[in-house]
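Visitor: Mind folding the following:
(2 chains)
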Amino acid sequence: MAQSSKPAAVPAPASDVVSFIINGEPRELSLDPRQSLLDVLRERLDLTGTKKGCNQGACGACTILVNGKRILACLTLASMYSGARIETIEGLEKDGELHPLQRAFIEHDGLQCGFCTSGQIMSGLGCISEGHASSPQEIQYWMSGNICRCGAYPGIVAAVADAARRT
Amino acid sequence: MLPFSLERANSIEAAIAVAASGGRFIAGGTTLVDLMRDEVERPARLIDINSLPLEGIRVEGQELVIGALARMSEVAANADVRRHHPLIAESLIEGASPQIRNLASMGGNLLQRARCPYFRMLDAPCNKRTPNSGCSALHGLNAGSAILGTSDYCVATHPSDVAVALVALEATMRVRGPKSERTFPVEQLFRLPNDTPHLEHTILPSELIMDIRVPIGPRGQNARYLKVRDRASYEFALVSAAVALTQENGLLKHVRIAVGGVGTKPWRLQSCEAALIGKKLDRESIEQAAQLSLRGTRPLEHNHYKVDLLPRTIVRALEMAGGLS
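Guide: As a prediction, the model looks like this:
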């Protein structure tokens, strides 16, 4: 419900101790409940691959996987995700080898400036695992939560299609 | 973001008790976190309800029952939903990006707040945000505003897509409060703005949505959702229409029509429905009925186009549901 324009007087919130498994590694942190998963990743854990584009759920740049599902890290309160398994772009490379979807983005020129790319790749992983990557049209629709202002969409769609074929 | 406390509810009763003493429920958070960041929403105490057992989707007798905490993506992909009510799946998939659908709950979708730009512009008057401060959209940028159910106090549309489908399907919802539980039509959840647009729902803050219940029947099989918007995906509706119908011997037996993007709440069009009952579904009968949707419309300076778009959207949705296109 709407509030009066005057903020309610509340004491500074106590910090919550929260644990996550981030890219396979258990982490425990003391958090202010106001912190989003996006801010925790970037500012507490130095995982700056996940980008802050709009910070209001409109651009997809902050897409990560939580318990295997793609979500927008900016629209979360991190304290609500205690125990969650979180995957970010930093976790995709294994033993010095890029993930097949990362390689496909390079091969198909799926980027220009690169700012949206980590969100595109994390969203692409979700798109493929959900089974929505069977045609360019389907990929376009199911990747529509990720905006690319450079307009690299043809390369992005080709990269997701190529990686889907190989997996 | 202003400070708040956050606690996780371990039982439905505990969640309701905290809400009764001033707490606010949070599920997916896709509306609330965003509005808290803009300081449009200023809850002091949040109750995380995601551990509550309100997630399931099941068939109970002649009803499809959707738990309030089921995520939009889960509902859209669910086999029972797709079999009995493809309209619900269609409206959900059109309703948000995949990432948001993975976060957003069904209960939160129904309770989501207005997308009128002035609602989140703290330096502009908005009666919905700050009662009796004025409506900036009435004489401002109102291309997206409603043409049905408006008042001089508020012209904001209701942004949900699935709510339009649920109203067309005559779904009910079960809510539980501190003392009792009640079930009522989803359509009755929404209040008209009148002179109190900050009061949007008929449930109390201490009432928790348990589930949404949709009657199963042949109507669900001939049902479509058509959403017209500024781009092909991931955008709110300019006009949308949910239509469900049955025909017998070439004549319309049952038809339900609800529209979105044009009303201050999901808008059922009973006059259009009544005009179609017993008629052969053809272009002429459809166009005549669709014109009745314009009764009582009140367009503003920039949204006259919705007066043309509304009947056309209804015509196409009826043709799609009736197998004519």
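Visitor: Show the backbone phi and psi for B:Val164.
Guide: phi -70, psi -40 (degrees, to the nearest 10).
Visitor: Isn't it up against B:Gly260?
Guide: Yes - look at B:Val164 against B:Gly260 with Cβ atoms under 8 Å: they come within range, at 3.9 Å. From N, CA and C alone the C-beta is placed, and that goes for glycine too.
Visitor: anything in contact with each of these two?
Guide: Residues touching both B:Val164 and B:Gly260 (Cβ atoms under 8 Å, 6 or more residues apart in numbering or on different chains) are B:Ser240, B:Ala241, B:Ala242, B:Pro266, B:Trp267.
Visitor: Would you map the strands across the stretch 101-250 of chain B?
Guide: Using DSSP state E, counting those that start in this stretch, the strands of the stretch 101-250 of chain B run over B:172-176, B:181-185, B:208-215, B:223-228, B:239-248.
Visitor: now check the first one, is it near chain A?
Guide: Spelled out, that is strand B:172-176. No - if you take Cβ under 8 Å from any Cβ of the partner chain as the test, strand B:172-176 misses chain A, and the best it gets is 15.5 Å.
Visitor: what does stretch A:15-26 rub up against?
Guide: A:27-33, A:41, A:45, A:47, A:78-79, A:81-88, A:90-91, B:6.
Visitor: Run the chain-centre distance for it.
Guide: Its chain's C-alpha centre and that of stretch A:15-26 lie 16 Å apart, by Cα atoms, centre = their mean, to the nearest Å.
Visitor: do stretch A:69-84 as well
Guide: Put simply, stretch A:69-84 sits 10 Å off its chain's centre (Cα atoms, centre = their mean).
Visitor: Now do the buried residues in that stretch.
Guide: A:69-82, A:84 (16 or more other Cβ atoms under 10 Å in any protein chain shown).
Visitor: quick one, what contacts the residue found closest to A:Gly145 once you drop the neighbours it is linked to in the chain?
Guide: Nearest residue to A:Gly145 in three dimensions, chain neighbours excluded: B:Ser97, at 2.6 Å (Cβ to Cβ, 6 or more residues apart in numbering or on different chains). B:Ser97 is in contact with A:Gly60, A:Leu72, A:Ser144, A:Gly145, A:Asn146, B:Tyr234, counting by Cβ under 8 Å, 6+ apart.
Visitor: which intervals of chain A have sub-threshold pLDDT?
Guide: For chain A, the stretches with pLDDT under 70 are A:1-14.
Visitor: where exactly do the strands run in it?
Guide: A:16-22, A:25-31, A:63-66, A:69-72, A:85-87 (DSSP state E).
Visitor: Would you tell me which one of those strands is buried the most?
Guide: Across these, averaging neighbours per residue (mean count of other Cβ atoms under 10 Å in any protein chain shown) puts strand A:69-72 on top, at a mean of 28.
Visitor: Pairing partners for it, with directions?
Guide: strand A:63-66 (antiparallel) (DSSP bridges).
Visitor: Look through chain A and state the residue closest to chain B.
Guide: Per Cβ to the nearest Cβ, A:Gly145 is where chain A lies closest to chain B, at 2.6 Å.
Visitor: Report the contact partners of A:Asp109.
Guide: A:Ala152, A:Gly155.
Visitor: what residues are up against the residue of chain A closest to chain B?
Guide: A:Gly60, A:Thr63, A:Leu72, A:Ser123, B:Ala96, B:Ser97, B:Pro98, B:Gln99, B:Ile100, B:Tyr234.
Visitor: if we can go back for a sec, more neighbours: which of B:Val164 and B:Gly260?
Guide: Neighbour comparison, B:Val164 and B:Gly260: the larger count goes to B:Gly260, with 32 against 29 (by other Cβ atoms under 10 Å in any protein chain shown).
Visitor: Show me the domain layout of chain A.
Guide: Here the domain parsing of chain A from automatic domain parsing is A:16-91, A:100-166.
Visitor: now, among the contacts of A:Gly145, which is nearest to B:Leu169?
Guide: Closest approach to B:Leu169 among the contacts of A:Gly145 (Cβ to Cβ): B:Ala96, at 19.5 Å.
Visitor: I figured that closest one was touching B:Tyr234, is that so?
Guide: Yes - assessed by Cβ under 8 Å, B:Ala96 is found in contact with B:Tyr234 at 7.4 Å.
Visitor: Check B:Ala143 and give its pLDDT.
Guide: Looking at B:Ala143, its pLDDT reads 97.
Visitor: What count of nearby residues applies to the closest residue to it other than its chain neighbours?
Guide: The shortest distance from B:Ala143 to any non-neighbouring residue, by Cβ to Cβ, 6+ apart, is to B:His302 (4.0 Å). Other residues near B:His302 come to 14 when the count uses other Cβ under 10 Å.
Visitor: before we move on, what about A:Ile139?
Guide: Residues near A:Ile139, counting by other Cβ under 10 Å: 23.
Visitor: you'd agree it is up against A:Ala161?
Guide: Yes - the pair A:Ile139 and A:Ala161 passes the contact test of Cβ under 8 Å, sitting 5.9 Å apart.
Visitor: thinking again about what came up before, pop out the phi and psi values for the residue of chain A closest to chain B.
Guide: Per-residue torsions, A:Gly145: phi -80, psi 0 (degrees, to the nearest 10).
Visitor: where's the closest residue to chain A within the stretch 1-150 of chain B relative to A:Cys59, distance?
Guide: At 2.6 Å from chain A, B:Ser97 is the closest residue in the stretch 1-150 of chain B, using Cβ to the nearest Cβ. B:Ser97 sits 10 Å away from A:Cys59, taking Cβ to Cβ, to the nearest Å as the criterion.
Visitor: Quick check: neighbours shared by the two?
Guide: In contact with both B:Ser97 and A:Cys59: A:Asn146, using Cβ under 8 Å, 6+ apart.
Visitor: before we move on, back to that, quick one: contacts for the residue nearest to B:Ala143?
Guide: Contacts of B:His302 by Cβ under 8 Å, 6+ apart are B:Leu141, B:Asn142, B:Ala143, B:Ser145.
Visitor: Identify the nearest residue to the last one in space, disregarding sequence-adjacent positions?
Guide: Counting by Cβ to Cβ, 6+ apart, B:Val155 is the residue found nearest to B:Ser145 once chain neighbours are left out, at 4.1 Å.
Visitor: I'd say the one you found and B:Ala143 touch.
Guide: No - the criterion here is Cβ under 8 Å, and B:Val155 misses it with B:Ala143 at 11.1 Å.
Visitor: So those two - more neighbours on which side?
Guide: Set B:Val155 next to B:Ala143 and count neighbours by other Cβ under 10 Å: B:Val155 wins out with 27 against 14.
Visitor: And the more buried one, how far from B:Tyr305?
Guide: 15 Å.
Visitor: Repeat that for B:Leu281.
Guide: Noted for B:Leu281: a distance of 27 Å to B:Tyr305, by Cβ to Cβ.
Visitor: Is the helix or strand hosting B:Ala89 in proximity to chain A?
Guide: Under the criterion of DSSP states H and E, B:Ala89 resides in helix B:86-93. No - Helix B:86-93 stays clear of chain A (Cβ under 8 Å from any Cβ), getting no nearer than 8.6 Å.
Visitor: Between strand B:208-215 and that helix, find me the angle.
Guide: 140 degrees (axes from the mean of the first three to the mean of the last three Cα atoms, to 10 degrees).
Visitor: Output the contacting helices and strands for helix B:86-93.
Guide: The elements that helix B:86-93 packs onto, with contact taken as 3 or more Cβ pairs under 8 Å, 6 or more residues apart in numbering or on different chains; DSSP states H and E, are helix B:72-77, helix B:79-84, helix B:162-168, strand B:223-228, strand B:239-248.
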